[in-house]
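Peer 1: Mind folding the following:
(2 chains)
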Protein chains: 2
Amino acid sequence: MKIAIYGYGNLGRGVECALRQAPDMECVGVFTRRPPASVQTVLGAPVYHVDELSAHKENIDVVIICGGSATDLPVMTPALAKEYNVVDGFDTHAAIPAHFAAVDAAAKEGGTVALISGGWDPGLFSLNRLYASAVLPEGKDYTFWGRGVSQGHSDAIRRIDGVADARQYTVPIDGALQAVREGTNPDLTTRQKHLRECYVVAKEGADLARIEREIKEMPNYFADYDTTVTFITAEELAANHSGIPHGGFVIRTGVTGKEGEHKHAIEYSLKLDSNPEFTASVLVAYARAVCKAASRGECGCKTVFDVAPADLSPLSAEELRKTML
Amino acid sequence: MKIAIYGYGNLGRGVECALRQAPDMECVGVFTRRPPASVQTVLGAPVYHVDELSAHKENIDVVIICGGSATDLPVMTPALAKEYNVVDGFDTHAAIPAHFAAVDAAAKEGGTVALISGGWDPGLFSLNRLYASAVLPEGKDYTFWGRGVSQGHSDAIRRIDGVADARQYTVPIDGALQAVREGTNPDLTTRQKHLRECYVVAKEGADLARIEREIKEMPNYFADYDTTVTFITAEELAANHSGIPHGGFVIRTGVTGKEGEHKHAIEYSLKLDSNPEFTASVLVAYARAVCKAASRGECGCKTVFDVAPADLSPLSAEELRKTML
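Peer 2: The predicted structure follows:
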């Protein structure tokens, strides 16, 4: 299976690394909007300009699109799906139905297979919400995120006057997790589920009290949370906060029996050193599934809900039954 | 979707209860080898003799077969798959390939859909082994069971001379779980992964020391484990050990990046008050998937690896994308 990487930020670099771990896949190359000579790949994958993609069409089975959800993917994925089998990690939950419709129409026009919203949330977390709710219909599920870096919240802090750099961690609150696990079905407010920890490098002479206040009062991003602000130096930020860890929990509790007398808890959790590399690994597994679906003559847009698990693995159905069932 | 329950032990009772939670399913009846008049159902489902099944054929979409894996299912599932769409929870891992082959041949002969080895292990745990290994190819996975009642081990104790009743709990060892979560990829012996706790009611005048020794030295069942034996009264057994709880953990740790420099941990766990009722709930969700596959004209044997998650849910693809993705 020959894979093209379209876009080369953190996610694209993660895909390049993940492809090396796939025995049945190879990386055709990285396609970028930047001047190719300016891009150095992690493992030496060849770099081309995006305009060169069509020249490689015969040599590409799937394009993994590594753009941003805000403005890139809504345009790129439908456009590319007319010509190529594609995978993306579109993660704006509320906009998924519209994105699905656009990509599905393009893939059906082109006779291609597209997989949107791969990754872990949406993605593996979504799968666990679905499996758990199908098995325990009388129950309630909860998703917690973290401890991990939120890029969007870090960016919001950086836009405040006087801020040189910042890193924001989303932290699930232990007591809330515990209450959920015990099956008490608590109604939790935004504030009760997550804390927000902010590490901020201020510009020289900036008014720290004002920065802290502006962060804590920022609507949507911080106002509804208990937020801590810690000022640190640029050196401390580089030394202690350069990673992009993330993770979280999907927990569903529910009841069975004659009168719901038996309680059950299903818990799925991720603890990730590198959010983009893990997300990339999920996209690569779904690229395999897209390839298999295309070779069976399928077409149209899919999500993780539509893919049989066996299609994600390089092992045959017989090997899977023998070794993993 | 009209579901028949074939066999009415703990699992069959669980299926009857689980069907009540499924808005799109109804229970046609319970089919038993016992005299129907001797069977009282939990929620009032009608009871028939197994010989009456064919008289109800036109009214049955799927038969959920609730027999034992040792002798019932290897015979029942292929026989019934020739005539009906079926689901079973065949759980003898080593014999799955042979069972699959027999059921697949029968289902193809009959033009039916069969799903074997539903439940949680095999079943939901298998799914998590597959998803995790597809996403983290360079890694290692571990399955721990418990804390929960092992029926097989409890039975083995009951066969010892002088034992009136017994309950055996399989208990995962915390330190081993912790070492696995930390990604140290420990090589764990059988003894390092699980403890076995035995609660035994002895007959009057029985030699307790001999019973304890016979348990602890029993090959395969106990000799390779650290085993505790506690003698209790029949009243204590009834009061404190009448439930059938179970659960466990599937953990995979793996690495990504240029040189495997980033670690990741994926953990799935179940904590179940009632093993048979939870297993039954899984079988009911897969009965829905079997129904959908049959209505699309598919035939043959499947496992949980072959079923797209969306087929397990009563919600439409649109609703799933909107609410769970």
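
Peer 1: Any buried residues in the host helix or strand of A:Glu318, and which?
Peer 2: Under the criterion of DSSP states H and E, A:Glu318 resides in helix A:317-323. For helix A:317-323, the neighbour count (16 or more other Cβ atoms under 10 Å in any protein chain shown) marks A:317, A:320-321 as buried. Heads up, the C-betas are built off the backbone N, CA and C, glycines and all.

Peer 1: got it, and stretch A:94-110?
Peer 2: Buried residues in stretch A:94-110 (16+ other Cβ under 10 Å): A:96, A:99-100, A:102-104, A:106-107, A:110.

Peer 1: quick one: furthest residue from the center of chain A?
Peer 2: Distance from the C-alpha centroid of chain A, by Cα atoms, centre = their mean, peaks at A:Lys258 (39.8 Å).

Peer 1: Now do the same contact list for the residue nearest to that one when sequence neighbours are not counted.
Peer 2: Distances taken as Cβ to Cβ, 6 or more residues apart in numbering or on different chains put B:Val42 closest to A:Lys258, at 5.3 Å, once the chain neighbours are dropped. If a contact means Cβ atoms under 8 Å, 6 or more residues apart in numbering or on different chains, then B:Val42 has A:258, B:13, B:16-17 as its contacts.

Peer 1: Helices of the stretch 201-325 of chain A, start to end?
Peer 2: For the stretch 201-325 of chain A, the helices defined by DSSP state H, counting those that start in this stretch cover A:208-216, A:234-240, A:275-295, A:317-323.

Peer 1: ok, now which ones touch A:Leu177?
Peer 2: Applying Cβ under 8 Å, 6+ apart to A:Leu177 gives the contacts A:144, A:249, A:251.

Peer 1: mind redoing it with 10 Å?
Peer 2: By Cβ atoms under 10 Å, 6 or more residues apart in numbering or on different chains, A:Leu177 lies in contact with A:142, A:144, A:193, A:249, A:251, A:267, A:269.

Peer 1: Return only those of these found close to chain B.
Peer 2: The residues of the contacts of A:Leu177 that also fall near chain B, by Cβ under 10 Å from any Cβ of the partner chain, are A:249, A:251, A:267, A:269.

Peer 1: quick revisit: how about the contacts made by the residue farthest from the centre of chain A?
Peer 2: Contacts of A:Lys258 by Cβ under 10 Å, 6+ apart are B:13, B:16-17, B:20, B:42-43, B:277.

Peer 1: Please identify which of the residues you listed is nearest to A:Arg34.
Peer 2: Relative to A:Arg34, the closest of those is B:Glu277; by Cβ to Cβ it sits at 57.1 Å.

Peer 1: Check the gap between that closest one and chain A for me.
Peer 2: 4 Å (Cβ to the nearest Cβ, to the nearest Å).

Peer 1: thinking that residue is in contact with B:Leu11, fair?
Peer 2: Yes. Counting by Cβ atoms under 10 Å, B:Leu11 is a contact partner of B:Glu277 at 8.6 Å.

Peer 1: Run through the residues that contact the residue positioned nearest the centre of chain A.
Peer 2: What sits nearest the mean C-alpha location of chain A, by Cα atoms, centre = their mean, is A:Gly119, with 4.0 Å. By Cβ under 10 Å, 6+ apart, the contact set of A:Gly119 is A:11, A:88-91, A:125-126, A:275-276, A:278-283, A:286, A:304.

Peer 1: what's the residue farthest from the centre of chain A sitting at in phi/psi?
Peer 2: In terms of degrees, to the nearest 10, the main-chain angles of A:Lys258 are phi -60, psi -40.

Peer 1: Spell out the secondary structure type for the closest residue to chain B within the stretch 51-200 of chain A.
Peer 2: Per Cβ to the nearest Cβ, A:Ala134 is where the stretch 51-200 of chain A lies closest to chain B, at 3.9 Å. With DSSP: H, G, I helix; E, B strand; the rest coil as the basis, A:Ala134 sits in helix.

Peer 1: what number of residues lie near it?
Peer 2: 23 (other Cβ atoms under 10 Å in any protein chain shown).

Peer 1: I'd say it and B:Ala289 touch.
Peer 2: Yes. Between A:Ala134 and B:Ala289 there is a contact under Cβ under 10 Å: 8.9 Å.

Peer 1: Identify the contacts common to those two.
Peer 2: Common neighbours of A:Ala134 and B:Ala289 (criterion: Cβ under 10 Å, 6+ apart): B:309-313.

Peer 1: Kindly identify which of those also come near chain A.
Peer 2: Contacts with chain A within those, counted by Cβ under 10 Å from any Cβ: B:309-313.

Peer 1: With pLDDT added, can I get the residues you listed in CSV?
Peer 2: Converted to CSV, those look like this (pLDDT from 0 to 100):
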residue, pLDDT
B:Pro309, 98
B:Ala310, 98
B:Asp311, 98
B:Leu312, 98
B:Ser313, 98
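
Peer 1: Just among these, which is most surrounded?
Peer 2: B:Pro309 (26 neighbours).

Peer 1: Those residues of the stretch 51-200 of chain A touching chain B, which are they?
Peer 2: With Cβ under 10 Å from any Cβ as the criterion, the stretch 51-200 of chain A comes near chain B at residues A:90-91, A:93-94, A:96-97, A:99-101, A:116-117, A:120-139, A:141, A:181-183.

Peer 1: Show me the residues you listed that map onto helices.
Peer 2: A:96-97, A:99-101, A:124-135, A:181 (DSSP state H).

Peer 1: so where do the strands sit in the stretch 1-150 of chain A?
Peer 2: Along the stretch 1-150 of chain A, counting by DSSP state E, counting those that start in this stretch, strands occupy A:2-6, A:26-32, A:47-49, A:62-65, A:85-88, A:113-115, A:139-145, A:148-149.

Peer 1: Distance of A:Lys193 relative to B:Ile65?
Peer 2: Noted for A:Lys193: a distance of 42 Å to B:Ile65, by Cβ to Cβ, to the nearest Å.

Peer 1: what about the two, which has more around it?
Peer 2: B:Ile65 (29 against 21).

Peer 1: mind checking pLDDT for the more buried one?
Peer 2: For B:Ile65, the pLDDT comes out at 98.

Peer 1: Next: A:Thr41.
Peer 2: Listed pLDDT for A:Thr41 reads 98.

Peer 1: contacts for stretch A:92-106?
Peer 2: With contacts defined as Cβ under 10 Å, 6+ apart, stretch A:92-106 is touched by A:68-70, A:73-75, A:77-83, A:86, A:88, A:90, A:112, A:114-117, A:121-122, A:126, A:299-303, B:317-318, B:321-325.

Peer 1: just the CA coordinates of that stretch, formatted as PDB?
Peer 2: The C-alpha coordinates for stretch A:92-106 follow below in PDB (Å, rounded to 0.1, in the frame of the first residue of the first chain):
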ATOM      1  CA  THR A  92     -14.500  19.700  14.900                       C
ATOM      2  CA  HIS A  93     -17.200  17.500  16.400                       C
ATOM      3  CA  ALA A  94     -20.100  19.800  15.700                       C
ATOM      4  CA  ALA A  95     -19.200  20.100  12.000                       C
ATOM      5  CA  ILE A  96     -18.700  16.400  11.300                       C
ATOM      6  CA  PRO A  97     -22.200  15.900   9.700                       C
ATOM      7  CA  ALA A  98     -21.500  18.700   7.100                       C
ATOM      8  CA  HIS A  99     -18.000  17.500   6.500                       C
ATOM      9  CA  PHE A 100     -19.200  13.900   6.000                       C
ATOM     10  CA  ALA A 101     -21.800  15.000   3.500                       C
ATOM     11  CA  ALA A 102     -19.300  17.000   1.400                       C
ATOM     12  CA  VAL A 103     -16.700  14.200   1.400                       C
ATOM     13  CA  ASP A 104     -19.300  11.500   0.800                       C
ATOM     14  CA  ALA A 105     -20.600  13.400  -2.300                       C
ATOM     15  CA  ALA A 106     -17.000  13.900  -3.600                       C
END
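
Peer 1: from the middle of its chain, how far away would it be?
Peer 2: Centroid separation for stretch A:92-106 versus its chain: 16 Å, with Cα atoms, centre = their mean, to the nearest Å.
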